[in-house]
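Enquirer: pasting the sequence and the predicted model now:
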Amino acid sequence: MEKRRILINSVMSVIQIVVVSVVLFFLYRFLLGTIGAEHFGIWSLVLAATAVTQIADLGLSGGVVKFVAKYIAREDDQSVSEIIQTAVLTIGLTVGAVLIIAYPLIKWILSLIMPSEQFPLALSILPFAFLALWLCVITSLFQSGLDGYQRFDIRSALLMSGALLHLLLCFWLVPKYGLLGLAYAKVIQNASVLTASWFMLRRLIPSLPIIPLKWSRALFKEMIGYCINFQIISIASMLYDPITKALLSKFGNLSMVGYYQMASKMIQKLHALIIAANQVLVPAIAGLKEKIPEKIQQVYLASYRLLFYLVFPLYSFVIISLPLISKLWVGYYERTFVVYAALLSVGWLLNTLASPAYHANLGIGKLRWNVAGMLVTALLNVVLGIVLGVLYQGLGVVIAWMLSLALGSSVIYVSYHIHHKIPFGELFPKSSRMNTASCILG
């Protein structure tokens, strides 16, 4: 039953990524033709700036997955209900307060990094971006609860429905209201997915009230140690995109930001597609830790070998297809998009290899090296981004991000092999060496 559930979750996660990627393809093509690359760059910058306020999440969205899975393994449904309610009350109030306080700061930051003639337009969509973010943060807690129950299939169905709804709303609202229509569509999408996620979660946990009311101090204290480490990871990863886009805006222009957004979204969707099976293993490994901990390394090695076998052919195929993708998506060969996507492909390929170790650490509950890897990535992105941005403008910023991804990720999988005494030869599985060499030569 456990293997069947993992298989269903993996398949649904893959289908979700494919569907959402296809939706994004049509959405971005539509937006480029409707509002243009420059206005799309404005939307991208505003979202990146507001995302920084997610530091108030406290890491609880990631902690909910582990602790829900833990108490399900112990058959303690009451604690599961209280974990979710405690997380929702804590994050809803905390993030809401931070958003209100941060509004003047985000406004000031945007005034520094944006051309003055575009600043009023960015300011008009900022409140909607804040509201969409708050709804998204609450939704992530509900979906983490579904993940803890290993119901990734439900989560995937909700996210696919939300993506399709967003596409239809954009077709309707963007021609009428421009960039504001895009903001309206995002708020409606997030509110709809939030409502549906809460409804599905309450079907799994009948003891959940319609409105979360119970806050457990004991469970909050139990979760917070794990969640603080998880939050450091989240903060570091949240800073990647805003910093890269800010540096691109500084050393390049808004059109570069827009094409970077497209390239980044495309490669990240491929990345998410490849690691979908690893994500569903987090609650499974948390359950194994409670029942059969000796099987964890067997699961890790099987996951890593499969991932290694897949990543080189997939990313190689994307790189050689980029000119065609540009013509289909942008409408013509756009060199900036092609070069950025090729560089990001190399960086995310090497980052993907860290996924099995990263998710195994999450399930086990030992996050020190995950934190170290993310902090190294964030620090290198700033330092190398400034240095290479001065030397090579926008191209240098993207090269810096590629190098940061590759080097920071290596900290995670190298440390995992050292700590668990796994031979380094396993980082280059024999069964995949010929396949990898062929892809590199090709």
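Expert: Cool, the structure landed.
Enquirer: flag the shaky bits of the stretch 51-200 of the chain, pLDDT-wise.
Expert: 51-62 (pLDDT under 70).
Enquirer: one more time with 80, if that's ok
Expert: Under the criterion pLDDT under 80, the flagged ranges of the stretch 51-200 of the chain are 51-77, 79, 109-118, 147-152.
Enquirer: which of the helices or strands spans the nearest residue to S124 once chain neighbours are set aside?
Expert: Leaving aside its chain neighbours, S124 sits nearest to L180 (6.4 Å; criterion: Cβ to Cβ, 6 or more residues apart in numbering). C-beta here means a position set from N, CA and C on the backbone, and glycine is covered the same way. Element membership for L180, per DSSP states H and E: helix 179-204.
Enquirer: do A406 as well
Expert: Using DSSP H and E, A406 sits in helix 368-419.
Enquirer: would you mind pulling up the elements that that helix packs against?
Expert: helix 217-251, helix 254-279, helix 335-352, helix 355-364 (3 or more Cβ pairs under 8 Å, 6 or more residues apart in numbering; DSSP states H and E).
Enquirer: nearest to L173 among these would be which one?
Expert: Nearest of those to L173, taken as Cβ to Cβ: helix 254-279 at 19.6 Å.
Enquirer: can you give me the buried ones in that closest one?
Expert: Using 16 or more other Cβ atoms under 10 Å as the test for burial, helix 254-279 gives 254-267, 269-279.
Enquirer: likewise stretch 72-85?
Expert: By 16+ other Cβ under 10 Å, the buried positions in stretch 72-85 come out as 72, 79-85.
Enquirer: tell me what angle the helix holding A406 forms with helix 355-364.
Expert: Put simply, helix 368-419 runs at 110 degrees to helix 355-364, going by axes from the mean of the first three to the mean of the last three Cα atoms, to 10 degrees.
Enquirer: quick one: helix 368-419 to chain centroid distance?
Expert: Relative to the chain's own centre, helix 368-419 is displaced by 17 Å; criterion: Cα atoms, centre = their mean, to the nearest Å.
Enquirer: likewise stretch 202-211?
Expert: 27 Å.
Enquirer: and stretch 255-271, by the same measure?
Expert: Remark: stretch 255-271 is offset 13 Å from the chain centroid, using Cα atoms, centre = their mean.
Enquirer: quick one: average confidence on it?
Expert: Taken as a whole, stretch 255-271 has an average pLDDT of 80.
Enquirer: contacts for it?
Expert: Identification of contacts with stretch 255-271 by Cβ atoms under 8 Å, 6 or more residues apart in numbering yields 17, 20-21, 24, 28, 32, 37-38, 40-41, 44-45, 241, 244-245, 248-249, 314-315, 318, 325, 329-330, 334, 336-337, 340-341, 344-345, 348, 351-352, 394, 398.
Enquirer: from those residues, which would you call buried?
Expert: 17, 20-21, 24, 28, 32, 37, 40-41, 44-45, 241, 244-245, 248-249, 314-315, 318, 325, 329-330, 334, 336-337, 340-341, 344-345, 348, 351-352, 394, 398.
Enquirer: quick revisit: any idea which of the helices and strands packed on helix 368-419 gets closest to E117?
Expert: Closest among the helices and strands packed on helix 368-419, using Cβ to Cβ: helix 254-279, at 10.9 Å.
Enquirer: so R305 is in which element?
Expert: Assessed by DSSP H and E, R305 sits inside helix 296-329.
Enquirer: relative to F220, how far out is Q85?
Expert: Using Cβ to Cβ, to the nearest Å, Q85 is found at 11 Å from F220.
Enquirer: phi, psi of K214?
Expert: Backbone geometry at K214, expressed as degrees, to the nearest 10, gives phi -100, psi 120.
Enquirer: count the neighbours of it for me.
Expert: K214 is flanked by 15 other residues according to other Cβ atoms under 10 Å.
Enquirer: tell me the contacts of it?
Expert: 81-82, 85-86.
Enquirer: rerun at 6 Å
Expert: 82, 85 (Cβ atoms under 6 Å, 6 or more residues apart in numbering).
Enquirer: against Q85, how distant is it?
Expert: 5 Å.
Enquirer: cool, G331 as well?
Expert: Going from G331 to Q85 by Cβ to Cβ gives 49 Å.
Enquirer: check G396 too.
Expert: Between G396 and Q85 the distance, using Cβ to Cβ, works out to 48 Å.
Enquirer: what do you get for L168?
Expert: Here L168 is placed at a distance of 33 Å from Q85 (Cβ to Cβ).
Enquirer: now do R151
Expert: Distance from R151 to Q85, counting by Cβ to Cβ: 18 Å.
Enquirer: kind regards, and thank you for your time.
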